[in-house]
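Asker: need a 3D model of the following:
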Amino acid sequence: MKHIKAQMLLFTSMAIFLSCLLGNLVSTATFSQLYLEELYRSYESQSRQILQSVDQKVQSVENSIQLILTGEGIMNSLTQTDFSHPDGQVFNTYRVTDWVMQSFQKQFPQFVGLLFCNSSGSCYFYNYYNPDLDIVEEFFDPEYVQEISRTDRFNWEGIYPIQNRIARENAYIVTHAFVDYQDLRSLGVALILLEEDVFSSIYQPIVDTSGARVYLFDETGAPVETYGEEELNELAESLSGAAPSPGEIIQTKDGGSLLTVTSSAETGWTLCLKIPLDILTDSMRQLILLNSMTSLLIMLLFGLFQIRYISRITNDIVRVADAMRVVEENHFSLRLHTDRQDEIGLIYTGFNVMAENLGKYFQKAVEEEKSRNRAEIRAMFYQIKPHFLYNTLASIRMYAMKQGCREIVDMLGTLNRLLRNTINIRDHFISLEEELQNLRDYIKICNVRYNEQIRFTLSIPEELMGCAIPNMILQPIVENAIEHGVSGNIASGGPAACIDILAFRRESTLFLQVRDNGAGMTDMELAAVMRPPAEPEKDGHIGLHNIDSRLKILYGDEYGVQVESVKGQYTCVTLKVPQRDGLTEGGKKGAESTDCR
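Answerer: Model prediction:
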C-alpha cells in the first residue's frame with residue numbers, strides 16, 4: 001500500500017503515453033488518408049483545369065485559322081497567286097494577308113508565323129525568313145499532303161527547330177490541308193507556327209511545384225509534344241486498360257508514380273499527369289512529423305498536470321491506509337478530518353462511520369461470545385436428558401427379559417435403536433440402506449400398534465442401496481401415509497392396508513416413491529397439503545411442503561416432491577433427488593461420484 005503513489009503515477013504515465021501514442025497513430029493514419037485523398041482530388045482538379053486550358057487554346061487556334069484563311073478573298077489570293085514571280089498581285093496578296101495575320105497575332109501572342117503552299121507549289125510566308133525549307137519540307141511532301149487532306153482536322157505535329165531570324169529558333173508546328181469540297185481538289189497546306197511553350201506554359205506551374213510530368217495526346221492517340229520512345233512505351237504499359245471515356249478521369253498507381261488520366265469531351269484530347277510518389281510521401285512525412293511533435297507536447301503538458309493531480313489524490317489515500325492499519329489494532333476511536341467535499345471527503349466520512357460501527361460490532365461480538373459460551377455449557381447439561389432416556393429404556397428392556405416377555409424386549413430394542421438414530425443426527429446425508437433400516441424399525445413399531453394389519457413392501461434395487469440421500473426423508477412420508485391414508489381403512493374394516501416403497505433411477509436422477517391405498521385426496525386437498533403452513537407444525541409433525549422445501553434448498557428447484565392422488569383410491573408421493581453415492585467426513589455428499597455403489 002505504501003507504494004500506491006508510485007504505482008499510480010507509473011500506470012497513469014503509461015496509460016497517458018499509450019493513449020497519446022494510439023491517438024497519434026490513429027490521427028496520423030486518418031490524417032494521412034484524408035491528406036492523400038485531398039491531394040488526389042487536387043490533382044484531378046488540376047488535370048481538368050489544364051485540359052480545359054489546352055482545349056481553349058486548341059479551339060482558339062483552329063477556329064481562328066479556319067476563319068481567317070477560308071475567307072473568300074484570302075483563300076483565293078493564296079491559291080491563285082504565284083509567289084515565285086513577284087508582281088503586283090503578289091504584293092497585293094502579301095499586303096492583305098499580312099494585315100490579317102498581324103491582327104490575329106495581336107489577339108494570340110503565341111502565334112509567330114505562317115507558311116501556305118498552294119497546289120502549284122508556290123508558298124506564302126509570314127514571319128518566316130529562313131531561305132531554306134529543309135526543316136519543313138516534309139510537311140509539303142505529296143504523300144503527307146494527300147494523307148492529311150483526307151480529314152478536316154488540324155494536325156499538331158510538335159516542336160521543330162525552324163532557325164527563323166525573326167521567330168524563335170524553335171516553333172510548334174500545326175498543319176492543316178484545305179480542300180475544295182465541290183470537286184475534292186486540294187487548295188493547299190498551311191503550316192501554323194506557334195511558340196514552343198504554347199502548352200508547357202499552361203502546365204509549367206504544377207511541374208515546378210510537384211515535379212510532375214505531363215503528357216498530351218490528340219484525339220487519335222498521337223502525342224502532341226516530343227517525348228522519348230522508351231518513355232512512351234513505359235507510359236503505355238502503365239496505362240494498359242486505363243482508357244477514360246470523354247469527360248472521365250482515372251487515377252492509378254504505377255511503381256513509384258501516381259498517374260491521373262483525363263479525356264476531353266470537346267476535342268477528344270487526353271492528358272496524363274505523372275507525379276512521383278516521393279513528392280507525396282515527403283510532404284506527408286513533414287506533416288506527420290509536425291503532428292507527432294504537437295502530440296508529444298500535448299502529452300507532456302497533460303502528463304505534468306496528471307502527475308500533480310494524482311499526487312494529491314494518492315496522498316489522501318495513503319493517509320486513509322495508515323488510519324486503517326491503526327484500526328486493525330483495535331483502536332476504533334481514531335477519526336479523520338478533512339474539508340474536502342468530493343469523493344475523497346466521502347471516503348474520509350465513510351472511514352469514520354466504519355470505525356465507529358466496527359467499535360460497536362466488536363463490543364457486540366464480545367458479548368455474543370460470552371453468551372455463546374454460556375449456551376454451550378447449558379447444552380452440555382441438556383445432553384444428560386437423552387442419555388437418561390436411553391438408560392431408562394435399557395433398564396425396562398432388562399426387566400422384560402427377566403420376565404420372559406420376548407415381544408416387549410424386541411419392541412424396546414427397536415425403539416431404543418430408532419431413538420438413537422433420530423435424536424443423534426450428526427450427518428445431513430446417509431445412504432439409502434441406512435435410511436431403509438431406520439424405516440424398518442419405524443414400520444415394526446407401527447405394526448405392533450396396528451396389530452400387523454398394514455402390509456409394507458420394499459422394492460429397492462441392490463445397486464441403489466449406496467446412494468446418498470438426506471437423513472430421515474422417508475419416515476415423515478410413511479408416517480403421513482399411515483396417519484392420513486390407511487388408518488381409515490383399518491378403522492372401518494375396509495380393504496387391507498398396503499404401503500409400497502419403491503426406488504428407481506433415470507439417467508442421473510434418483511426417484512423414491514411411497515404409495516398407499518388409503519383415503520386419497522381431492523385436487524383442493526392436495527393443493528392445501530402442498531401450501532406452506534400458516535402456523536408452525538404442531539407436535540413435531542413434518543408436512544410435505546417442508547420436505548419439498550428441504551430438497552429444493554439442498555439440490556435446486558428442479559428437484560423436490562411430486563404428489564399424485566385419487567380420492568378414495570390411492571396416494572403416491574415421489575421424491576426426486578440427484579443420484580449421488582459415497583459420504584465424506586461430516587456427512588457431506590461425495591461431490592465427484594455419479595453412480596451408486
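
Asker: now do the strands in the stretch 51-200 of the chain.
Answerer: For the stretch 51-200 of the chain, the strands defined by DSSP state E, counting those that start in this stretch cover 111-118, 123-126, 155-161, 170-180, 185-195.

Asker: element containing Ile408?
Answerer: For Ile408, the host element (DSSP states H and E) is helix 406-423.

Asker: sorry, back to before: same list (the strands of the stretch 51-200 of the chain) but as JSON lines, adding distance to Asp55, mean pLDDT and mean neighbour count.
Answerer: All C-beta atoms are positioned from the backbone trio N, CA, C, and that covers glycine. Below are the strands of the stretch 51-200 of the chain laid out as JSON lines (distance: least, C-beta to C-beta, whole Å; pLDDT from 0 to 100; neighbours: other C-beta atoms under 10 Å):
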{"stretch": "strand 111-118", "distance to Asp55": "18", "mean pLDDT": "86", "mean neighbour count": "23"}
{"stretch": "strand 123-126", "distance to Asp55": "26", "mean pLDDT": "84", "mean neighbour count": "21"}
{"stretch": "strand 155-161", "distance to Asp55": "12", "mean pLDDT": "84", "mean neighbour count": "18"}
{"stretch": "strand 170-180", "distance to Asp55": "15", "mean pLDDT": "86", "mean neighbour count": "20"}
{"stretch": "strand 185-195", "distance to Asp55": "16", "mean pLDDT": "86", "mean neighbour count": "21"}
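
Asker: make CSV out of those strands and add distance to Ala243.
Answerer: Formatted as CSV, those follow (distance: least, C-beta to C-beta, whole Å):
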stretch, distance to Ala243
strand 111-118, 33
strand 123-126, 39
strand 155-161, 20
strand 170-180, 26
strand 185-195, 29
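
Asker: report the separation between the nearest residue to Ile192 once chain neighbours are set aside and Ser122.
Answerer: In this structure, Ile192 finds its nearest non-sequential neighbour in Val174, 4.2 Å apart by C-beta to C-beta, 6 or more residues apart in numbering. To Ser122, Val174 is 21 Å away according to C-beta to C-beta, to the nearest Å.

Asker: what segments of the stretch 201-350 of the chain are helices?
Answerer: 229-238, 277-328, 343-382 (DSSP state H, counting those that start in this stretch).

Asker: want to throw those into JSON lines with mean neighbour count and mean pLDDT?
Answerer: Output for the helices of the stretch 201-350 of the chain, formatted as JSON lines (neighbours: other C-beta atoms under 10 Å; pLDDT from 0 to 100):
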{"stretch": "helix 229-238", "mean neighbour count": "12", "mean pLDDT": "81"}
{"stretch": "helix 277-328", "mean neighbour count": "14", "mean pLDDT": "73"}
{"stretch": "helix 343-382", "mean neighbour count": "12", "mean pLDDT": "71"}
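
Asker: what are the structural domain limits within the protein?
Answerer: 330-382, 453-578 (automatic domain parsing).

Asker: quick one, which of those domains is packed in tightest?
Answerer: Of all the domains of the chain, domain 453-578 carries the top mean neighbour count, a mean of 16, counting by mean count of other C-beta atoms under 10 Å.

Asker: report the contact partners of the residue nearest to Ile192.
Answerer: Shown in contact with Val174 (C-beta atoms under 8 Å, 6 or more residues apart in numbering): 61, 65, 154-157, 191-192, 194.

Asker: out of the domains of the chain, nearest to Val198?
Answerer: Val198 sits nearest to domain 330-382 of all the domains of the chain, at 76.1 Å, using C-beta to C-beta.

Asker: which stretches of the stretch 1-150 of the chain have low pLDDT?
Answerer: Along the stretch 1-150 of the chain, segments meeting pLDDT under 70 span 1-13, 16-17, 20-21, 23-24, 27, 29, 31-32, 72, 129-135.

Asker: residue boundaries of the helices in it?
Answerer: In the stretch 1-150 of the chain, the helices defined using DSSP H, counting those that start in this stretch lie at 4-69, 72-80, 88-107, 142-148.

Asker: out of the ones you listed, which is closest to Val214?
Answerer: Nearest of the helices of the stretch 1-150 of the chain to Val214, taken as C-beta to C-beta: helix 4-69 at 7.2 Å.

Asker: return the member of the contacts of Val174 nearest to Ala481.
Answerer: Trp156 (116.9 Å).

Asker: leaving out sequence neighbours, find the closest residue to that closest one.
Answerer: Using C-beta to C-beta, 6+ apart, the closest residue to Trp156 is Val224 (4.3 Å).

Asker: quick one, what contacts that neighbour?
Answerer: Residues near Val224 by C-beta under 8 Å, 6+ apart: 156, 158, 199, 216-218, 269.

Asker: and these, which of them are buried?
Answerer: 156, 199, 216-218, 269 (16 or more other C-beta atoms under 10 Å).

Asker: of those, which is the nearest to Asp278?
Answerer: For these, the minimum distance to Asp278 (C-beta to C-beta) is 23.9 Å, reached by Leu216.

Asker: ok, the closest one to Leu232 distance?
Answerer: 12 Å.

Asker: quick one: the strands in the stretch 451-597 of the chain, in order.
Answerer: Along the stretch 451-597 of the chain, counting by DSSP E, counting those that start in this stretch, strands occupy 454-459, 468-470, 497-506, 509-516, 560-566, 570-578.

Asker: could I get those strands in JSON lines, plus columns for mean pLDDT and distance to Gln49?
Answerer: Converted to JSON lines, these look like this (pLDDT from 0 to 100; distance: least, C-beta to C-beta, whole Å):
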{"stretch": "strand 454-459", "mean pLDDT": "88", "distance to Gln49": "102"}
{"stretch": "strand 468-470", "mean pLDDT": "89", "distance to Gln49": "92"}
{"stretch": "strand 497-506", "mean pLDDT": "91", "distance to Gln49": "86"}
{"stretch": "strand 509-516", "mean pLDDT": "93", "distance to Gln49": "85"}
{"stretch": "strand 560-566", "mean pLDDT": "92", "distance to Gln49": "86"}
{"stretch": "strand 570-578", "mean pLDDT": "93", "distance to Gln49": "84"}
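
Asker: could those strands go into JSON lines alongside distance to Glu343?
Answerer: Shown next, in JSON lines, are the strands of the stretch 451-597 of the chain (distance: least, C-beta to C-beta, whole Å):
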{"stretch": "strand 454-459", "distance to Glu343": "68"}
{"stretch": "strand 468-470", "distance to Glu343": "50"}
{"stretch": "strand 497-506", "distance to Glu343": "57"}
{"stretch": "strand 509-516", "distance to Glu343": "52"}
{"stretch": "strand 560-566", "distance to Glu343": "48"}
{"stretch": "strand 570-578", "distance to Glu343": "48"}
